[in-house]
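[1] Starting from these lines, generate the structure:
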Amino acid sequence: MEIRIEPVQENQKKRKCTNPAELGFGRYFTDRMLVADWSEREGWFDVRIVPYGPFMLEPSAAVFHYGQEAFEGLKAYRWNADSVALFRPEMNLKRLIRSATRLALPEVPADLFIEGMKELVRLERDWVPESEGTSLYIRPALIATEEALGVRPAAKCRFFIILSPVGAYYATGFKPVRILVEDRMVRAAPGGTGEAKTGGNYAASLIAGREAVKRGFDQVLWLDAIQHRYVEEVGAMNIFFVIDNRLVTPPLSGSFLEGITRDSILKLAPTLGLTVEKRPAAIDDLMNGIRNGSVQEVFGAGTAAVVSPVGALCYQNELATIGGGTVGPVTQLLYDTLTGIQYGRLPDRFGWMQEL
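    Numbering: from 1, shown residues only. Just a heads-up that it's a prediction; the model follows:
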C-alpha cells in the first residue's frame, strides 16, 4: 500500500500538553492524521498522511443525514524512550469490519488499517506520553460522504485515523465510581445496531448519562430492551461481577459491543486462577447479592478506562454499596496485570502487543 505523506509546516504544529494531569481524555490531538477515500467505481484510493485539520464535506453528505458511520478506539503505549506498542489492533480491524457490514459501509483493508495506523503512530511517536496511566488514544473512523439525499448505502466514503494523547478517562482516576441503573430508556435492542460501534448507539445513551450526572452518579448501567431485567453494559463499557468468587459477565446478545478489553479479561482471568462464567445477570438478583455479600466486586471494562471499579449501584432509588466502596482484589489484580502487559512491565504470553 502506497501512502502519500505531506509535510507539517511550522504554523500547523500544535502545542503539546506536557502536564499529564491536564491531559484528560480526547482533548488534544496530534499534528497528523491518516485519510483515505473510497468509491464504488474506484475502490480505495489516495491514502495519505496529512496535517490534522478540518474536512471539506458537502452539507448533503450522507453521514450527516442517515448516520452511516462506524469507528474504533485503541491505544499505543510508551514502553521506553525508543519503543511504542499497540494493543491488539487486529481485533479492532475485525470489529470495524463487522460494524461496517451492519451499516452497509465498505470493508477497510487490513494493510490500510494496520499498516496505515502504524506509519501514522511512527510519525507521531513523540506525542505518546510517558507518565504512568497515560497513552496515545487512536480513533479510526469510517463515514459516508456521498453528496446526495435518499436512504440508500452511500457510493462514496472516507476512512481516517486521528490520535489523541490521553490520561485517565475518569477525572477521579482508578477509583470506584457510582452507577445509576437505567430502567426506563433503552440504548439498543437485539437485531439493531447495538453490537456495532456506531455513533447512534452513543447518541441514544447521552440523555440518560446526563441525568445520572445530575443525580450525582458517574455513569449508567443499561438493562435489556425487552424485559428491563438483565444487565447489559455500563456506559460505553462491558460489565463484570465477582459473585461468590467467580468472575461473571453477561453473554453477548447482539445488543451491546463485543469489547476487546472484555475478550482480553476473559482470556487472562483463568491464567490468574479465576473461574469465569458468561451468563445472564438479573438486576434484582444482583441487588440481593450486594445486600448479602455474595456480589463482592463490580467493574467496567473498556479501551478508554481499561478497568473501572464500581463502588455503588443505585436501582429504583436504593443505593447499594459494593465491597465497602473500595477497589476489590480481583478488580485490582486484573487491572494491574492487563496494564502491566500493555505498558511492557509484564510478559505478553498472548502475543497481544505489537511493538513499532
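[2] Going by secondary structure, the nearest residue to residue 183 once chain neighbours are set aside is in what exactly?
    Spatial nearest neighbour of residue 183, chain neighbours left out: residue 228 (5.3 Å); criterion: CB to CB, 6 or more residues apart in numbering. All C-beta spots, glycine's among them, are computed from the backbone N, C-alpha and C. Assigned by DSSP states H and E, residue 228 belongs to neither a helix nor a strand.
[3] Count the residues that sit near residue 228.
    Neighbour count of residue 228, defined by other CB atoms under 10 Å: 15.
[4] quick one, helices of the stretch 151-300 of the chain?
    Along the stretch 151-300 of the chain, the segments classed as helices by DSSP state H, counting those that start in this stretch run 199-203, 206-214, 260-268, 283-292.
[5] Counting by contacts, list what the third one packs against.
    Packed against helix 260-268, as judged by 3 or more CB pairs under 8 Å, 6 or more residues apart in numbering; DSSP states H and E, are the following elements: helix 89-102, strand 237-243, strand 246-249, strand 295-302, strand 306-315, helix 329-342.
[6] Give me the buried positions along the fourth one.
    By that I understand strand 295-302. 295-302 (16 or more other CB atoms under 10 Å).
[7] What is the nearest of those to residue 113?
    Using CB to CB, residue 302 is the member of the buried residues of strand 295-302 that sits closest to residue 113, with 20.1 Å.
[8] Need the nearest residue in space to the closest one, chain neighbours excluded.
    According to CB to CB, 6+ apart, the nearest residue to residue 302 is residue 237 (3.6 Å).
[9] Quick check: residue 266 touching residue 248?
    No. With contact defined as CB atoms under 8 Å, residue 266 does not reach residue 248; the gap is 11.0 Å.
[10] list residues touching both of those two?
    Counting by CB atoms under 8 Å, 6 or more residues apart in numbering, the shared contacts of residue 266 and residue 248 are 276, 278.
[11] Now do residue 25: how many residues are near it, please.
    Neighbours of residue 25 under the rule other CB under 10 Å: 16.
[12] Quick one: residues contacting the residue most central in space within the chain.
    Nearest to the geometric centre of the chain sits residue 303, at 4.3 Å (CA atoms, centre = their mean). Contacts for residue 303 were tallied using CB under 8 Å, 6+ apart; they are 73-75, 137, 259-261.
[13] Can you name the two of those that sit furthest apart?
    Most distant of these, by CB to CB, are 137 and 259, 15.5 Å apart.
[14] Dump the lowest-mean-pLDDT helix or strand in the chain to PDB, keeping only the CA atoms.
    In the chain, no helix or strand scores lower on mean pLDDT, DSSP states H and E than helix 20-23, which sits at a mean of 85. Taking Å, rounded to 0.1, in the frame of the first residue of the first chain, the C-alpha atoms of helix 20-23 are listed here in PDB:
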ATOM      1  CA  PRO A  20      -0.200  14.600  32.500                       C
ATOM      2  CA  ALA A  21      -2.700  15.900  35.000                       C
ATOM      3  CA  GLU A  22      -4.100  18.200  32.300                       C
ATOM      4  CA  LEU A  23      -4.400  15.700  29.500                       C
END
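[15] Let me know the next secondary structure element after it.
    strand 32-39.
[16] Rounded mean pLDDT for that following strand, please.
    What strand 32-39 shows for mean pLDDT is 98.
[17] Any buried residues in that strand, and which?
    So for strand 32-39, counting by 16+ other CB under 10 Å, buried means 32-38.
[18] Would you mind writing the CA trace of it as PDB?
    Output in PDB follows, covering the C-alpha atoms of strand 32-39 (Å, rounded to 0.1, in the frame of the first residue of the first chain):
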ATOM      1  CA  ARG A  32      -1.000  14.500  11.600                       C
ATOM      2  CA  MET A  33      -3.900  12.300  10.600                       C
ATOM      3  CA  LEU A  34      -4.400   9.500   8.000                       C
ATOM      4  CA  VAL A  35      -7.100   9.800   5.400                       C
ATOM      5  CA  ALA A  36      -8.200   7.500   2.500                       C
ATOM      6  CA  ASP A  37     -11.200   7.700   0.200                       C
ATOM      7  CA  TRP A  38     -13.400   5.000  -1.400                       C
ATOM      8  CA  SER A  39     -16.000   4.900  -4.200                       C
END
